[in-house]
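Participant: A predicted structure for the sequence below; I have some questions about it.
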Amino acid sequence: MDRQPCIKAAKLGLQIYFKPPPTFMAPLLTIEQQPQLKMPSRLDSPFNLQTCARPNILALEPYRCARDDYKDDGTNILLDANENAYGPSLPDSTTSNHSLNFRGLNRYPDPHQHPLKSLLCNLRNTHHHTDRSLHPLNLFLGVGSDEAIDALLRCFCTPSVDSILVCPPTYGMYSVSAQVNDVALVKVPLSPAPEFGLDVPAILDTLSKPQPKPIKLIYICSPGNPTGSLIPKEQIEQILLHKTWNGIVVVDEAYIDFSPEGSSLAEWVNEWPNLVVLQTLSKAFGLAGIRLGAAFASVEVAALLNNLKAPYNISSPTEALASQALQEDGLSVMRTHKEKIVGQRERLLKELPKVKGVGRFRGGVASNFLLVEILNQEGKPDNEVARKVYERLAENRGVVVRFRGKEHGCLGCVRITVGTEEEVTRFLGEVGVVIEEILKGEGEKVESLEAEQKKEIEANNILA
């Protein structure tokens with residue numbers, strides 16, 4: 001891959017970019033295949049990767065996304081990763097001024113990001129849940145919320161000793177990070193679809209029982225991914241009120257800006273020392289490319305997280321772009337894009353059920369995606385049919401959604417990110433054709449099998 005930086009002087013300011021990579025994508029290797037790789041070695045070296053690395057890392061099953069399988073060449077409709085298709089929430093003036101100090105990139109970035117943290121606090125100081133205000137000392141900023149997920153594990157969980165609790169179906173990085181850190185996983189599934197709420201009695205019972213590996217963290221995704229369901233504040237409060245459990249409740253609010261006003265519990269961390277709220281600019285703000293996540297926590301917990309982070313983990317361009325997005329002009333752009341996304345979400349809710357082979361919506365509508373069943377010839381949700389729809393949409397139609405059928409309670413489901421009006425139009429046109437082709441093929445297979453079975457029965461009835 002040619003990653004030599006090209007510097008282009010333009011009237012709009014200095015732009016630094018990289019040539020895009022080719023569409024070739026090396027296949028991921030299984031752990032059995034990895035030893036076949038040729039590594040630099042010395043005959044007298046004691047180094048052995050298989051014995052040097054932690055066993056849980058060698059056995060790690062990485063978090064995978066649809067684009068591991070389908071590389072975008074610029075012509076596809078990407079409805080798989082819940083990105084904001086309307087683009088970044090930055091005012092037009094951003095590209096025509098010099099507020100991004102490219103010539104200052106020889107200096108390390110601000111290690112504390114107080115101005116940016118103040119803007120995030122201003123955004124979440126709604127006073128819907130408390131009269132107390134958030135301050136920069138309540139914040140940890142990371143390279144996406146994934147860094148915060150991992151930092152919490154490293155902060156509170158001793159490898160091989162402790163565990164975390166998750167509520168499937170949920171975001172896959174909680175379990176990946178736990179495995180990386182050699183932390184055990186306890187699962188208490190959400191209540192069945194379409195509610196996908198917390199099973200509070202089961203969680204409280206699990207926390208009350210002695211565990212072979214103490215539970216230190218609970219990760220709750222709200223709105224859920226892939227469910228799209230907003231977890232009621234009252235359910236979270238019941239867990240926070242547990243009488244004997246000594247641990248942290250982590251509420252991941254990546255999609256919170258698509259929920260009703262006042263849904264975020266970020267400011268609630270000033271009321272609950274055992275609450276951490278995660279957020280990101282990747283979704284509603286359309287800034288997935290700058291990788292900025294935030295953990296709102298008590299001052300004491302935030303201090304621990306900041307103590308263990310790398311000193312300059314947030315780049316200067318990331319801080320500058322995020323700061324512009326959080327100014328009033330940027331917030332206005334975000335709200336405009338959000339209104340468009342909500343409008344297209346309503347359109348999908350209305351139009352998708354009209355497509356033959358599309359079943360029930362599962363979960364909620366508090367996000368920028370929808371979870372929906374794909375049906376077989378008998379009208380039942382079917383993983384095989386859903387996977388074929390996912391594959392053929394991507395391979396033959398250039399439309400990438402996400403197959404979620406293997407998630408708990410998501411039989412036969414695909415997750416569809418809400419795109420632009422044009423993208424939704426194309427998706428609605430393509431998905432019906434693809435499902436019809438697949439169901440027709442399945443029907444022909446059934447007819448062929450029935451014919452073969454009939455011939456076999458007739459042959460068996462012939463007396464020799």
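Facilitator: Sure, I can see it.
Participant: need the next SSE after the host helix or strand of residue 205, C-terminal direction.
Facilitator: Element membership of residue 205 [criterion: DSSP states H and E] is helix 200-208. With elements assigned by DSSP H and E, the helix or strand that comes after helix 200-208 is strand 215-221.
Participant: contacts for the next helix or strand after that following strand?
Facilitator: Going down the chain from strand 215-221, the next helix or strand is helix 233-240, by DSSP H and E. Helix 233-240 has contacts (Cβ atoms under 8 Å, 6 or more residues apart in numbering) with 129, 197-198, 200, 203-204, 207, 218, 220, 222, 249, 251, 265, 272, 274-275. C-beta: built from backbone N, CA, C; applies to glycine.
Participant: need the contact list for residue 375.
Facilitator: 357-359, 381-382, 385, 412.
Participant: if we go to 10 Å?
Facilitator: 356-360, 381-382, 385-386, 412, 435, 439 (Cβ atoms under 10 Å, 6 or more residues apart in numbering).
Participant: that one bridge partners, please.
Facilitator: Note on residue 375: beta-bridge partners by DSSP bridges are residue 381.
Participant: then residue 139?
Facilitator: Counting by DSSP bridges, the residues bridging with residue 139 are residue 296.
Participant: distance of it relative to residue 145?
Facilitator: Using Cβ to Cβ, to the nearest Å, one gets 13 Å for the distance from residue 139 to residue 145.
Participant: residues touching residue 419, list them.
Facilitator: Contacts of residue 419 (Cβ under 10 Å, 6+ apart): 77-79, 83-86, 341, 344, 348, 368, 399, 425-427.
Participant: and if we set it to 8 Å?
Facilitator: Counting by Cβ under 8 Å, 6+ apart, the residues that residue 419 touches are 77-79, 85, 344, 427.
Participant: low-confidence ranges, the stretch 101-250 of the chain, go.
Facilitator: For the stretch 101-250 of the chain, the stretches flagged by pLDDT under 70 are 101-103.
Participant: chain neighbours aside, what residue packs nearest to residue 408?
Facilitator: residue 168 (4.0 Å; Cβ to Cβ, 6 or more residues apart in numbering).
Participant: could you do residue 386 as well?
Facilitator: What sits nearest to residue 386 in space, not counting adjacent residues and going by Cβ to Cβ, 6+ apart, is residue 374, at 3.9 Å.
Participant: residue 242 versus the spatially most central residue of the chain, what's the distance?
Facilitator: Most central in the chain under Cα atoms, centre = their mean is residue 171, positioned 5.8 Å from the mean C-alpha point. Going from residue 171 to residue 242 by Cβ to Cβ gives 23 Å.
Participant: kindly report the same for residue 148.
Facilitator: Distance from residue 148 to residue 242, counting by Cβ to Cβ: 23 Å.
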